[in-house]
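[1] One predicted model, sequence on top.
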Amino acid sequence: MYFRLSLAALLLAFSASAQLNRFQKVEWIVRPSAGLNTTFLVDFKLTSTKGKTVLIEHNTDVFKWDAFTFKSDRPIGFNYGVGFYYNMNDFEGVDSIRVEATCENEALNSVFYIPVRYCIALDLAEKKMVFNEYFSLDWIMIMNTGERFGYDKNWVNLTGLINESDPRFTLANNNLKTNTAEPFRSGLIRFRHPNLKRPVFEWKMPLVVSNQLNLDFSGEPGRAGRNGQNGTQPSQSGGYGEPGENGLPAEKSVTVFVRSYSSDSIPLVEVIAISDNRRKHTFISAANPKINIDASGGPGGSGGNGGNGANAQQTEKAYDRLSGGSGGVGGYGGNGGNAGTVLILIDSNLRLTESNFFVNTNGGDGGSAGNAGTGGTNDRGNDGLLVRALVRNERVSGTTGLPGRTGNSGVSTFRFVNSESLENKLKETGFK
């Protein structure tokens, strides 16, 4: 048995070698896969001593493939013309992998190259950020082939990048944000890989200052009540729905100071909003600013629904039959919170009107009432009379809860004052 296997192996090797003895030239055809891919296919063309050619495609005529041995200068997977290479995730690499093909017919000893793609730099899909807002680092990979692909963590490891950007930017979790109080026109963003001298991304990022501002001094909403439990035992009533929590009141008194400002030659509006518990200081563009101030009360939480009553146990009794459980009562809605009062002091040098502001001083809406639970079915018994059967089949539902009360509204007042008066009022608040 061993002799037969050895002879078969010998004949197989001889057959593979003998098939290539009549050829004097080989040409390798390498086809890299399209897209963000590391696979490739290889075919080869043989030319005989008489000038005839034979094309050997991948995964065909394994005897002729077995006549070659392959050795590459980089790790690859390769079997009968189907292969892959490991991606270059360090932002650098070779443009091709050299593969030596060796055959017993020395005339066919040859070399072919597998083109590879790797990331050489990063780009951004969006190249303009808004001051004081998070900017997503939505990377685009630029490959050595000139191709551009969306970021793929298997090809690029961003955590290894060294941030050499303007210190006025802060990097956190693949987001950038400005960290200065005053706006600026532009700043350099640059990232470098530790293995490379050149940056993989560099851009003088222009900044846009928004002309919109939202100031939130509103009350928190009340939590919704939990639903009552359904009856689980025969004829058990459904549980009551939990009442919703009351909405919290807004900040009782809010004063907003609005004055002109300039930073890095950018015309701005400086806004300082102060209440007993909150303080906001920011800058927005002076080009038709829109300032929204929310001092509304928090809405009340909705009442929980009543639980459903359980069905009665069905019997053959003529009398003393049990009723289904009654449905639970829906919970009351929570009351809305009261709104606050808002005083807006505007530097009279600014060309602003009340139309540049939207102020919400509405009381919080009352929470909606919980729905009543459905009653369970009664024991039908053995009574065949239609009318009595219908009566006994009636369900006793719970009652709906009551909605919450709307909170009290506040008031808003606009005053245009000169710069000196505004400064004095601001000093009274202790603002520096």
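    That came through, no problem. Numbers count the residues shown, from 1 in each chain.

[2] C-alpha from now on. contacts and neighbour counts both.
    Fine.

[3] From residue 217, how far out is the spatially most central residue of the chain?
    Residue closest to the average C-alpha location in the chain (CA atoms, centre = their mean): residue 136, at 10.6 Å. Separation of residue 136 from residue 217 (CA to CA, to the nearest Å) stands at 28 Å.

[4] With residue 162 instead?
    40 Å.

[5] repeat for residue 115
    Taking CA to CA as the measure, residue 115 falls 60 Å from residue 217.

[6] Tell me which of these two has more neighbours.
    The neighbour comparison of residue 115 against residue 217 (other CA atoms under 10 Å) goes to residue 217, with 28 against 17.

[7] What are the neighbouring residues in contact with that one?
    Shown in contact with residue 217 (CA atoms under 8 Å, 6 or more residues apart in numbering): 250, 251, 254, 278, 293, 294, 295, 296.

[8] Then residue 227?
    Going by CA under 8 Å, 6+ apart, residue 227 touches 240, 241, 242, 303, 304, 305, 306, 307.

[9] hang on, the earlier thing: from memory the residue nearest to the centre of the chain sits against residue 173, does it?
    No - using CA atoms under 8 Å as the test, residue 136 is too far from residue 173 to be in contact (9.1 Å).

[10] if you average pLDDT over stretch 311-327, what comes out?
    Mean pLDDT, stretch 311-327: 81.

[11] Endpoint to endpoint, it covers what distance?
    From its first residue to its last, stretch 311-327 covers 11 Å (CA to CA).

[12] And stretch 175-191, by the same measure?
    13 Å.

[13] Where do the helices of the chain begin and end?
    Taking DSSP state H to define them, one finds helices in the chain at 2-20, 62-66, 386-392, 419-428.

[14] Packing partners of the last one?
    What it means is helix 419-428. Helices and strands touching helix 419-428, by 3 or more CA pairs under 8 Å, 6 or more residues apart in numbering; DSSP states H and E, are strand 253-263, strand 341-347.

[15] Any idea how far it is from the middle of the chain?
    44 Å (CA atoms, centre = their mean, to the nearest Å).

[16] and that helix, average pLDDT?
    Rounded mean pLDDT across helix 419-428 is 91.

[17] So residue 103 versus residue 48, what's the distance?
    15 Å.

[18] If you could redo that for residue 138, that was the one I meant.
    To residue 48, residue 138 is 55 Å away according to CA to CA.

[19] can you check residue 132 too?
    72 Å.

[20] and what of residue 367?
    Taking CA to CA, one finds residue 367 at 89 Å from residue 48.

[21] who's more crowded, these two?
    More crowded of residue 367 and residue 48, by other CA under 10 Å: residue 367, with 31 against 15.

[22] any idea of the pLDDT on the more buried one?
    For residue 367, the pLDDT comes out at 95.

[23] residues touching it, list them.
    For residue 367, the contacting residues are 244, 299-303, 332-336, 403-405, by CA under 8 Å, 6+ apart.

[24] Residue 206: which of those is nearest?
    residue 299 (40.8 Å; CA to CA).

[25] residues near the closest one, how many?
    33.

[26] Distance of it relative to residue 22?
    Applying CA to CA, the value for residue 299 to residue 22 is 90 Å.

[27] cool, residue 108 as well?
    Plainly put, residue 108 is 11 Å away from residue 22 if you go by CA to CA.

[28] more neighbours, these two?
    residue 108 (20 against 14).

[29] Look up how far residue 425 lies from the more buried one.
    On the measure of CA to CA, residue 108 and residue 425 end up 93 Å apart.

[30] and what of residue 25?
    Here the criterion is CA to CA. By it, residue 25 lies 93 Å from residue 425.

[31] More neighbours: these two, which one.
    Ranked by neighbour count (other CA under 10 Å), residue 25 and residue 425 place residue 25 first, with 19 against 14.
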